[in-house]
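Student: sharing a sequence plus its predicted fold:
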Amino acid sequence: QAQLVESGGGLVHPGEAKTLSCAASGFGFKSYAIQWHRQAPGKERELVAGISSNGNGNLLYADSVKGRFTISRDNAKNMAFLQMSSLKPDDTAVYYCKAIMGRSVSWGQGTQVTVSA
């Protein structure tokens, strides 16, 4: 059974950095593209960043996080990461990891990131 588990969320101050992790199990992780999405209170879920299955393709970032967030993966460890820096209050959201291969899609349960002074 495919499973994605996010971790690393928490409370940070504006301007600080935080790294989220996504641990995958139960499926062929290295064959799946990975995306990070987020959902803020009262807003729709939005795509934040994406990376191809082998990590060597073009990286995808939402305009709002370009230059501040970095997506990466370690296929040997079945892990994906989202490094976030210069965090802003607007980055406050539940962050979700998503694995995609064709019509096969899996989501994690999400991890809360709160950016507040």
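Tutor: Now that the structure is in, tell me what you want to look at. Predicted model only: the values in this text are computed from it and were never measured. Numbering: from 1, shown residues only.
Student: check contacts around the residue nearest to residue 100 when sequence neighbours are not counted.
Tutor: By the measure of Cβ to Cβ, 6 or more residues apart in numbering, the closest residue to residue 100 outside its immediate chain neighbours is residue 33, 4.8 Å from it. For the C-beta atoms, the positions are set from N, CA and C on the backbone; glycine is no exception. Residues in contact with residue 33 (Cβ atoms under 8 Å, 6 or more residues apart in numbering) are 50, 51, 52, 53, 99, 100, 101.
Student: avg pLDDT for stretch 106-117?
Tutor: Taken as a whole, stretch 106-117 has a mean pLDDT of 97.
Student: what's the span of it, first residue to last?
Tutor: With Cα to Cα, to the nearest Å as the measure, stretch 106-117 spans 34 Å from end to end.
Student: that one: how far from the chain's middle?
Tutor: Taking Cα atoms, centre = their mean, to the nearest Å, one finds the center of stretch 106-117 at 9 Å from the center of the full chain.
Student: contacts for that stretch next, please.
Tutor: Applying Cβ under 8 Å, 6+ apart, the external contacts of stretch 106-117 come out as 2-14, 16, 18, 20, 22, 27, 32, 38-39, 84, 87-99.
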